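Chemist: Quick one, fold the following:
(3 chains)
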Amino acid sequence: MPRSDDAEAFFAAVYQAVREIPHGKVTTYGHIAMLVGTPQRPRQVGLCLKHLPTDPSARYNHDNVPWQRVINAKGEISPRSQPSGSLNQAAALQAEGVTVTNGALGEFMVDFAEFGWFPDILPSEAAEEGGRELGGEEDHSENDEQT
DNA sequence: ACCATGACTATCG
DNA sequence: ACGATAGCCATGG
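Modeler: Numbers count the residues shown, from 1 in each chain, chains lettered A, B, ... in the order given. Coordinates of the predicted model:
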């Protein structure tokens, strides 16, 4: 668990944002960072997930936070110290219908064009504005990475 | 308390 | 186009 209250707030924001990623979709550490208002700290987003408790009794844990739906900006599952980690993530994604391909170096890749999820703001926050706004003008591009 | 490390990225050479 | 660099900052030694 985080040592400071500030960190705890940040962790909570990240976990909640990750929970809004739809089943079968993926996004990036950087995008989550942007969604929670700290676009300069994608790395800390990674730390949050790294420290996500496995303990089911924790408020946020591996069961209620879809950590596997967060990958890096290159569209690959971030390699970590333990190879089993990325392997495990690849399996979790495939289990929910995400196609994971093998890169030249054996990395696990996901196609953003098909599975990417990059909203401008969190759906929960969009809902608030939607209720206040009245026009019906909405249509930001769905996703758009790698031209 | 200081130093190294890391589930990252945008920028520069 | 690809490798190196610079910000980030919570954790762990």
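
Chemist: can you count the residues close to the nearest residue to residue A:13 once chain neighbours are set aside?
Modeler: In this structure, residue A:13 finds its nearest non-sequential neighbour in residue A:36, 4.3 Å apart by CB to CB, 6 or more residues apart in numbering. The way it works is simple: take the backbone N, C-alpha and C, and place the C-beta from them, glycine included. Residue A:36 is flanked by 22 other residues according to other CB atoms under 10 Å.

Chemist: Okay, residue A:36 and residue A:115: tell me how far apart.
Modeler: Note on residue A:36: its distance to residue A:115, by CB to CB, to the nearest Å, is 21 Å.

Chemist: What of residue A:100?
Modeler: 9 Å.

Chemist: what do you get for residue A:84?
Modeler: From residue A:84 to residue A:115 the distance is 23 Å (CB to CB).

Chemist: Also residue A:12?
Modeler: Residue A:12 is 26 Å from residue A:115, by CB to CB.

Chemist: Which helix or strand contains residue A:21?
Modeler: Counting by DSSP states H and E, no helix or strand carries residue A:21.

Chemist: Quick check: pLDDT value at it.
Modeler: Residue A:21 is assigned 97 on the pLDDT scale.

Chemist: cool, and residue A:108?
Modeler: So, for residue A:108, pLDDT stands at 95.

Chemist: contacting residues for it?
Modeler: Neighbouring residues of residue A:108 by CB atoms under 8 Å, 6 or more residues apart in numbering: A:76, A:77, A:86, A:87, A:89, A:90, A:100, A:101, A:102.

Chemist: Now do the phi/psi pair for the closest residue in space to the first one that isn't next to it in sequence.
Modeler: Right, residue A:76. In space, and not counting its chain neighbours, residue A:76 is closest to residue A:107: 4.6 Å by CB to CB, 6+ apart. In this entry, residue A:107 is assigned phi and psi values of phi -80, psi 160 (degrees, to the nearest 10).

Chemist: How about the one 10 residues further on?
Modeler: Residue A:117 has phi and psi values of phi -130, psi 100 when expressed as degrees, to the nearest 10.

Chemist: Show me the strands in chain A, by range?
Modeler: A:27-28, A:70-71, A:100-102, A:108-110 (DSSP state E).

Chemist: so which of the ones you listed comes closest to residue A:49?
Modeler: When the strands of chain A are ranked by proximity to residue A:49, the top entry is strand A:70-71, at 6.2 Å, counting by CB to CB.

Chemist: Since that was my last question, I'll sign off now.
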